[in-house]
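A.B. asks: Fold the following and give me the result.
(chains A and B)
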Number of protein chains: 2
Amino acid sequence: MKACGLIVEYNPYHNGHHYHFQQAKIVSGAECMVAVMSGNFLQRGEPAIVDKFSRAKMAIQQGVDLVIELPYFYAVQHSELFANGAIKILNSLQVDSLCFGSEHGEIDDFNTLYHFITEHQKNYDLYLTEALNQGNSYPKANDIAFSKIGGENLSIDFAKPNNILGYQYVKNIYDLHTTIFPYTIKRIKNNYHDREINDPIASATSIRKQLLTAHTNTNTNELNDTIPSITNESLESYKELHSSWHYWEAYFPLLKYRVLTMRKDEFANIHGIKEGLENRIINTAKKAESFSEWMELLKTKRYTWTSLQRVFTHILTNTYASEIEAYVTEKKPSAIRILAMSKNGQNYLSARKKEIDVEWYTSNKHPYPYQAFDDRIDHAYYSILPLTSQQYLTKQAYQKPIFKTP
Amino acid sequence: MKACGLIVEYNPYHNGHHYHFQQAKIVSGAECMVAVMSGNFLQRGEPAIVDKFSRAKMAIQQGVDLVIELPYFYAVQHSELFANGAIKILNSLQVDSLCFGSEHGEIDDFNTLYHFITEHQKNYDLYLTEALNQGNSYPKANDIAFSKIGGENLSIDFAKPNNILGYQYVKNIYDLHTTIFPYTIKRIKNNYHDREINDPIASATSIRKQLLTAHTNTNTNELNDTIPSITNESLESYKELHSSWHYWEAYFPLLKYRVLTMRKDEFANIHGIKEGLENRIINTAKKAESFSEWMELLKTKRYTWTSLQRVFTHILTNTYASEIEAYVTEKKPSAIRILAMSKNGQNYLSARKKEIDVEWYTSNKHPYPYQAFDDRIDHAYYSILPLTSQQYLTKQAYQKPIFKTP
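C.D. replies: Residues are numbered from 1 along each chain as shown, chains lettered A, B, ... in the order given. From the prediction side, this is the model:
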């Protein structure tokens, strides 16, 4: 049974994701579709709109066979580590291929690019360090370094976020000496950051924007055209049961309390805090009246919106640089956490049991090695909900996985 | 100008406090009444019903001349340190006398008791350690040690909380070699812990209970007979402006978030955490659905309600044992913080300026030495209020003190 990997966030699962899923199945010819999905917090340093279990369930109902959690310490990271974690997991699970969406859409160019950068690696690294020292953000510095080694003449546009991620997937596939075969699907229609819904295939950003303003807007027809009905039902039911979706503004009072009661020396432990960023965070905390206002006060050339959001996520979850460091330097994952599976997914695991070199878990129960870490992240995530919901939802992690029979 | 010290919490200022104030003025013959008052958190490990500025204002309006903050690191402590801090401050301020309320009411017996315990100090300490090692709470162990040295034959009942505090005041007056002359006033009517209001002089506990249930009870006549109208107006206006008073249940979601996102090794830093208490706190946090339920789950012979509340206060405010230790071992206060004063109080300070050996501050502005510490405590205290109130109220500490002209 051939398996194809997908690297996803499904925030929430929409028509674009479904198109990606269907195309990936076709091009890879796989019978088992394995999605590695960010957990409760996402790569851009945001809480997911609904929790990982709800999002895993949407995916499994749409045909995905296995939904594996990309642990927090890989998920809430810049693209290199995000990709590194996802490829390590897919490699451990012995998938035959990976299919990713990209603005560019031509896999040969990604392969060429990998070899080109590898050849110029030394210079590339030098230019990168130089650009970072000049106070550029990481994405910007990357872009500069890439231009300087002559990369601008290659056809892939590195200003596009999915091209950057795709490149990192390909790089890790080769660097980690995996046998995963890479495919890419050209992303169609809306760009990742687009805020407006123009088409049945809209960006997740525009869909979330529409969702989060929906309470003042009864016209959700436009929205219903861009997400499967299963997604819509799942989102509505989450909100009805638990009073709220998850978005940064809802965490603002908690985050502010936390920042203003942290001792100065504690900031240094938090992953992503450096160069006196803690002083800026403390000083602006007293002024900001909302999360977005806080972000506006903090933003500089060096600190992008995304990197600041990731720092806030680590503050909220009290995540230390030292623990992140210990996890991400593991050569292979200590454990794999299955959030949801179909009968087909279960069969795949049984069939490959001997080759899969990592223990998999379907619950956080001991001896799941990331148990304490995961509990902490989950509690932070659910902390904005009513107490009864918090208790109900945190228990999910200790129950049987979401399972779908054919 | 003679000054008399009072050691108070005014939570809130009620008729019993006013009786104490009036009697103290008479017996001491002082022209200036100096109250050392707990700040936003109290000796029993509770948030004060309204903030220290509102409570200081009530006191000054009732005739107190100076309201000095008993800093958090002395206020949220067992009676020995609470008394030690208060007497150090009053001594620095050169007051001539102290007048405290006690169930016993005879100052000679306190003096005799001090000399008796001092004589038997060595045995007393031995018995105390023994009783503590047998798993008794601190108050209980004290009681046992006191009986064993023959203290039960003396007339002061140590089961009464104000007798215990009173003894500590007297002890510190002598141990610190001050020239403060102690007086005591017999507390009349309701006992400290009484929950029912029976008389115009009711206990603060019964008054708070009545206040906090008042929203379901329109009959507040009984209550109005036990507190001055100024207190009533101040409480009502605080609630109207800031939506809520302060009580533990309101902090429960925040406290739960904090406990469940703390790393295990961080608990060891918190003042008052020892002997694996952190495990009990973590395990019960997941079960408890309210603050009182949490307390019930935690309570043991060793950990009294009060000592557990103090631990929760230190968790909420992220207060380390190491910083508390550094502050309370100071021979004299590094600074004195004036919350409110009358013209008379100001004259007293001017008159004694040369003899007062500690800098006094009327704002948290630099170089107030406890600025960062105090900011943290205040932010934790106000964090349950709407954001606009938080911002408004935290600014008070940086404004001119509350001042009353004659």
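
A.B. asks: and A:S244, what does it touch?
C.D. replies: Counting by CB atoms under 8 Å, 6 or more residues apart in numbering or on different chains, A:S244 touches A:A250, A:I384, A:L385. No exception for glycine: its C-beta is placed from N, CA and C like everyone else's.

A.B. asks: Next: A:S383.
C.D. replies: The contact partners of A:S383, taken as CB under 8 Å, 6+ apart, are A:Y251, A:L254, A:Q390, B:P253, B:K256, B:Y257, B:L260, B:T261.

A.B. asks: For the closest residue to chain B within the stretch 101-250 of chain A, identify the helix or strand it belongs to.
C.D. replies: Per CB to the nearest CB, A:E249 is where the stretch 101-250 of chain A lies closest to chain B, at 11.1 Å. Assigned by DSSP states H and E, A:E249 belongs to helix A:248-261.

A.B. asks: Give me the contacts around that helix.
C.D. replies: A:46-47, A:244, A:281-282, A:285-286, A:288, A:290-292, A:294, A:309, A:312, A:315-316, A:318, A:383-384, B:254, B:257-258, B:316-318, B:375-376, B:379-380, B:383, B:387, B:390.

A.B. asks: okay, it in CSV with CA atoms only?
C.D. replies: Coordinates of each C-alpha in helix A:248-261 appear next as CSV, following Å, rounded to 0.1, in the frame of the first residue of the first chain:
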residue,chain,number,x,y,z
TRP,A,248,-5.5,36.2,19.5
GLU,A,249,-7.8,38.9,20.8
ALA,A,250,-9.5,36.4,23.1
TYR,A,251,-6.2,35.7,24.7
PHE,A,252,-5.2,39.3,25.2
PRO,A,253,-6.2,39.7,28.9
LEU,A,254,-4.5,36.4,29.8
LEU,A,255,-1.3,37.3,27.9
LYS,A,256,-1.2,40.7,29.4
TYR,A,257,-1.6,39.3,32.9
ARG,A,258,1.2,36.9,32.2
VAL,A,259,3.6,39.5,30.7
LEU,A,260,3.0,41.9,33.6
THR,A,261,3.6,39.3,36.3
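
A.B. asks: In it, which residues are buried?
C.D. replies: A:248, A:250-261 (16 or more other CB atoms under 10 Å in any protein chain shown).

A.B. asks: ok, now stretch A:328-343?
C.D. replies: With burial defined by 16+ other CB under 10 Å, the residues of stretch A:328-343 counted as buried are A:P333, A:I336, A:R337, A:I338, A:L339, A:A340, A:M341, A:S342.

A.B. asks: Helix or strand: which one has the third one?
C.D. replies: Read it as A:R337. A:R337 belongs to strand A:336-342, assigned by DSSP H and E.

A.B. asks: Tell me the helices and strands packed up against that strand.
C.D. replies: helix A:52-61, strand A:66-70, strand A:360-361, strand A:402-404 (3 or more CB pairs under 8 Å, 6 or more residues apart in numbering or on different chains; DSSP states H and E).

A.B. asks: and A:I201, which of these is closest to it?
C.D. replies: Set against A:I201 and scored by CB to CB, those come closest in helix A:52-61, at 16.6 Å.

A.B. asks: Please enumerate the helices of the stretch 251-400 of chain A.
C.D. replies: Ranges of helices in the stretch 251-400 of chain A, per DSSP state H, counting those that start in this stretch, are A:264-267, A:277-285, A:291-298, A:305-316, A:321-328, A:343-352, A:371-382, A:387-395.

A.B. asks: thinking again about what came up before, now, of the helices and strands packed on strand A:336-342, which is deepest in the fold?
C.D. replies: Of all these, strand A:66-70 carries the top mean neighbour count, a mean of 27, counting by mean count of other CB atoms under 10 Å in any protein chain shown.

A.B. asks: What's the PyMOL line that selects buried ones from the contacts of helix A:248-261?
C.D. replies: To isolate the buried ones among the contacts of helix A:248-261 in PyMOL, judged by 16+ other CB under 10 Å, type:
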select buried, (chain A and resi 46+47+281+282+285+288+291+294+309+312+315+316+318+383+384) or (chain B and resi 254+257+258+316+317+318+375+376+379+380+383+390)
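
A.B. asks: Against A:A380, how distant is whatever residue of the stretch 51-200 of chain A ends up closest to chain B?
C.D. replies: In the stretch 51-200 of chain A, the residue that lies nearest chain B is A:Y72 (12.5 Å; CB to the nearest CB). For A:Y72, the distance to A:A380 equals 10 Å [CB to CB, to the nearest Å].
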